[in-house]
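# just to be clear, the model below is a prediction. Sequence and coordinates:
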Amino acid sequence: MKEQPVKLYPILGCCGLDCGLCPRYYTVGPSRCPGCCGPDFFNKHPSCSYITCCVKKKNLEVCAQCDEFPCSKFESLGIDGGEYDSFATYRKVYPNMTFIKEYGLKKFIQQQNKRIKLLKTMLKSFNEGRSKSFYCLAASLLSVEALETSLEKVKKSLRDRKIRSGNLKTRAQILRAFFEEYATSEGVELKLRKKEQKNGRK
């Protein structure tokens, strides 16, 4: 049996999807997704045309590294990816790829690791059991500055109001409010499908 490829950075889909900011990446148990072409990926997921072309045929990490990018596969994405799929995180597919094309994969991964670190803080200290998908969406769509500032503001608010660490419901409400505020100022819609909300309530 031919050995399946494993990407160096499974936190980023070869198509540009933010796998490291997805709720399924943080799911506990056998249904957890290891990221794009991560360990055991092909035992859990069917391949796709992006993986077949980018990873299997050309041995690349992401499509942005290909001389033919953007090829016909990206035509259906539109400029911001908004028309391709009802999953809101697809909005970042094309911007992620164009960033890598201009600045390189290493710089993008450095930025992505910042988002992942911030997301882990949200999930550890502010998830009341219903906000995982919302936090993943915020980590993907908001600017790093908005994420960092929101977390700093919420920490100050918690100190001033003397809200205990175990009061996750109130902590989540405060953080979500700050994210919504920055989403409005940045022109970002933090809206989830019902299916996405259901999958993220863990």
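Perfect, I can see it now.
# how about low-confidence regions in this protein?
Applying pLDDT under 70 to the chain picks out residues 1-5, 76-89, 192-202.
# so which residues of it form helices?
49-50, 93-103, 105-125, 132-141, 144-161, 168-186, 194-200 (DSSP state H).
# which other helices and strands contact the third one?
It refers to helix 105-125. On a contact count with 3 or more Cβ pairs under 8 Å, 6 or more residues apart in numbering; DSSP states H and E, helix 105-125 meets helix 93-103, helix 132-141, helix 144-161. From N, CA and C alone the C-beta is placed, and that goes for glycine too.
# between those, which one is closest to Gly13.
Nearest to Gly13, of all those, is helix 93-103, at 7.9 Å by Cβ to Cβ.
# wait, isn't Ile100 in contact with Ala64?
Yes - using Cβ atoms under 8 Å, Ile100 is in contact with Ala64, at 3.9 Å.
# joint contacts of the two?
Counting by Cβ atoms under 8 Å, 6 or more residues apart in numbering, the contacts common to Ile100 and Ala64 are Gly16.
# report how many residues lie close to Glu145.
Here the number of neighbours of Glu145 (other Cβ atoms under 10 Å) works out to 10.
# next, count neighbours for the nearest residue to Glu148 once chain neighbours are set aside.
Nearest residue to Glu148 in three dimensions, chain neighbours excluded: Leu118, at 6.7 Å (Cβ to Cβ, 6 or more residues apart in numbering). Counted by other Cβ under 10 Å, the residues lying close to Leu118 total 20.
# OK, contacts around Leu118?
Applying Cβ under 8 Å, 6+ apart to Leu118 gives the contacts 139, 144, 147-148, 151.
# ok, Phe178 next?
149-150, 153-154.
# give the ChimeraX command for selecting the buried subset of those.
Filtering the contacts of Phe178 down to the buried ones (16 or more other Cβ atoms under 10 Å) takes a single ChimeraX command:
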select :150,153,154
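# of the contacts of Phe178, closest to Lys92?
Nearest to Lys92, judged by Cβ to Cβ, of these is Ser150 at 18.4 Å.
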